[in-house]
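> Next come a sequence and a model predicted from it.
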Amino acid sequence: MRRTIWGWYFFDWASQPYATLLTTFIFAPYMARIMGDGTAAQTVWGYGLAAAGLLIALGSPLLGAVADRAGGHRRFLLIFSAMYVLGAFGLWWAEPGQPRVLWTISCFVLGLIGMEYATSFTNALMPKLAARGDLGRLSGSGWAFGYAGGVLALILVLLFLQEGPKGTTLIGLAPAFGLDPATAEGTRAVGPFTALWYLLFILPVFAFVPMPPAGPDGVRHALRQAWPDLKASLRRLPQNRPLAGFLGASMLYRDALNGIYAFGGIYAVGVLGWQVRDVGIFGILAAITGALGAWAGGRIDSRLGPRPVIVATLLVLVGCALVVAGIGPFRIFGRPVPPLAPTLAFYAVGAVIGAAGGALQAASRTALIDRADPARMTEAFGLYALSGKATAFLAPLAIGIATQISGSQRIGVLPVIALFLAGLGLLCWADMTRRPRT
C-alpha cells in the first residue's frame, strides 16, 4: 500500500510544473515580454484561460460519469496525458517577434484541459488509498509533494535554461544544450521541459496505482447510460445542500485563486517591471510555502475537518488580494516608499498566498469526498471540475475586461476579491458539519 500511495503522489509531482512553469511563473510573464505590453498580454491570457475553463467544465462531469460505468481509467489517463504533453511541447514555437498568439494559446489550452481531466480521474482514486480519517493527511501530503516537484522543476529551469537580460542563466551559464538566448530558446524550452518532466514522472502512477479495469459494456454503452444519469444527478443536486453548497462555494473561490495564480507573474512584470527571472525566483518562494501550507493544512484537516481550513485560508486570501492591488512602483496604498519596498511586499504577500492556496486546495478535495457518493466518485470529481470551471471564465474574463477598461493592471485584479467573498458567503450557508470518518 505504501508503494501505491507514493505512486499516487507522483501524479501531483508530474503535473505541477504545468501550473508552476507555464501558467504562473515562467511562460505567462514571457508572453507579456514578447507581446511588448503587459495589459495586452493579461487580456489575451484572460480570454485563453476562460476558453479552457469552459471546455473543462463541459467535459469533466460527463467523462467522470462514463468512467464510473465503463471503468478503464488507465486508457482515459493515457489520452489526457497525451493532451498535456502535446500542448506543453507546442509552446516552443512562441518566438520573440512572432509570438503566434493563436497557436500559443491553443497549445496552452490543450495541455491545460489534459491536466485538469487527468486530475479528476486521479483524485477519484483517493478514497481507496487510505482510511477516511487519514484522507486529510493524504491530500495535504500529495499537494505538498506536488509543490516540491514544481519547486525543483523551477530551480532547474532557472539554473540551466532560462536566459536573463545578459543571455545567461541565474548562475551565469549559457543556456544548456546550445539554446540561443537571442531568440529566447532557453525560456521557450520550458514547454518541452514540462512535457518531458510529465512523461518521466507519470510512470509510477501507471506502474503502482491500481485503477478500475474496463467493464464489459464499453465506452459507447456507458455514454448512453451516463448522460441521462448525469442529468438526473444535476437535477437532484439542489436538494443536497451540503454537496450543492460546497460545489457552489468552491466554484467561486477556486476561480479567484486560479486568477491570482495565472496573473501574478504578468502583474509583476507589467506593474513592478520584473524580469521573467525575477518572477521565477518569486515562484520558488511561493511554491515552497505552498508545500508547507498544504502539509500543515492536511494535518489540521485530519484533526478538525476541512471546514476550518477552508474558511481561514479564504479570509487570508481576501487580505492578500487587497494588498496586491495596493502595491505599485514606489508606492504602497498610495504612499511613497523606498524603491525596494514594493518588491519585498510582493514577495511577502506571494509567500502567504502560496501557503494559503496549498492548504485550501488540499482541504477542498477531502471536503468533496465527505459529501460524494462512493459509487460515483469519478463523477463527483467531474462535478468538482465543473464547479471549478463552470465559472472559470469569470476571474480571467473579469480581470481581462477590468484591465482593458481601466487601462490598469492594479485595478484589473480587484474582481478576485468579490469572488473570494462570495465563495465564503456560500460556504457559510452550506451544511459543512464534519462528517464521521472511519
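Received it, and whenever you're ready, just let me know what you need. Since we're looking at a predicted model, the values are computed, not measured.

> Which parts of this protein are strands?
Counting by DSSP state E, the chain has strands at residues 327-328, 331-332, 335-336.

> Please identify the most buried of those.
strand 327-328 (a mean of 19; mean count of other CB atoms under 10 Å). For glycine as for every other residue, the C-beta is placed from the backbone atoms N, C-alpha and C.

> re the thing from before, for the strands of the chain, could you give me a markdown table that also reports mean pLDDT and distance to residue 92?
Listed next are the strands of the chain as a markdown table, based on pLDDT from 0 to 100; distance: least, CB to CB, whole Å:
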| stretch | mean pLDDT | distance to residue 92 |
| --- | --- | --- |
| strand 327-328 | 80 | 33 |
| strand 331-332 | 82 | 38 |
| strand 335-336 | 84 | 43 |
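
> Let me have those strands in CSV, extended by distance to residue 112.
Shown next, in CSV, are the strands of the chain (distance: least, CB to CB, whole Å):
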stretch, distance to residue 112
strand 327-328, 28
strand 331-332, 33
strand 335-336, 39
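
> Dump stretch 170-177 to CSV, restricted to CA.
Listed next in CSV are the C-alpha coordinates belonging to stretch 170-177 (Å, rounded to 0.1, in the frame of the first residue of the first chain):
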residue,chain,number,x,y,z
LEU,A,170,20.7,32.6,-13.0
ILE,A,171,24.2,31.2,-12.2
GLY,A,172,25.8,32.9,-15.1
LEU,A,173,25.9,29.9,-17.5
ALA,A,174,24.9,29.9,-21.2
PRO,A,175,21.5,28.1,-21.6
ALA,A,176,22.0,24.3,-21.8
PHE,A,177,22.1,22.3,-25.0
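
> distance between it and the chain's centre?
In terms of CA atoms, centre = their mean, to the nearest Å, the centre of stretch 170-177 is set 29 Å apart from its chain centre.

> what sits against residue 385?
By CB atoms under 8 Å, 6 or more residues apart in numbering, residue 385 lies in contact with 56, 57, 60, 61, 64, 116, 117, 119, 120.

> any idea how far residue 334 is from it?
Here residue 385 is placed at a distance of 40 Å from residue 334 (CB to CB, to the nearest Å).

> Please apply the same query to residue 95.
40 Å.

> any weak-confidence spans in this structure?
Applying pLDDT under 70 to the chain flags the ranges 36, 38, 216-217, 262, 388-393, 431-438.

> The residue lying closest to residue 86 once chain neighbours are set aside: neighbouring residues, count only.
Spatially, and ignoring its direct neighbours in sequence, residue 86 is nearest to residue 110 (6.4 Å; CB to CB, 6 or more residues apart in numbering). Per other CB atoms under 10 Å, the neighbour tally for residue 110 reads 20.

> hang on, residue 110 packs against residue 85?
No. Residue 110 is not in contact with residue 85 according to CB atoms under 8 Å; the separation is 9.8 Å.

> Alpha carbons of stretch 328-348, as CSV, please.
Extracted C-alpha coordinates of stretch 328-348, given in CSV (Å, rounded to 0.1, in the frame of the first residue of the first chain):
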residue,chain,number,x,y,z
GLY,A,328,2.7,49.8,-7.2
PRO,A,329,6.1,51.1,-8.2
PHE,A,330,7.5,53.3,-5.5
ARG,A,331,4.1,53.3,-3.7
ILE,A,332,2.1,51.0,-1.4
PHE,A,333,-1.6,52.0,-0.9
GLY,A,334,-0.7,55.4,-2.5
ARG,A,335,2.1,56.2,0.0
PRO,A,336,5.6,56.8,-1.3
VAL,A,337,8.0,54.1,-0.1
PRO,A,338,11.7,53.2,-0.7
PRO,A,339,12.3,51.6,-4.2
LEU,A,340,12.8,48.1,-2.8
ALA,A,341,9.7,48.1,-0.6
PRO,A,342,7.1,47.2,-3.3
THR,A,343,9.3,44.2,-4.3
LEU,A,344,9.7,43.0,-0.8
ALA,A,345,6.0,43.4,-0.1
PHE,A,346,5.1,41.4,-3.2
TYR,A,347,7.4,38.7,-2.1
ALA,A,348,5.8,38.6,1.3
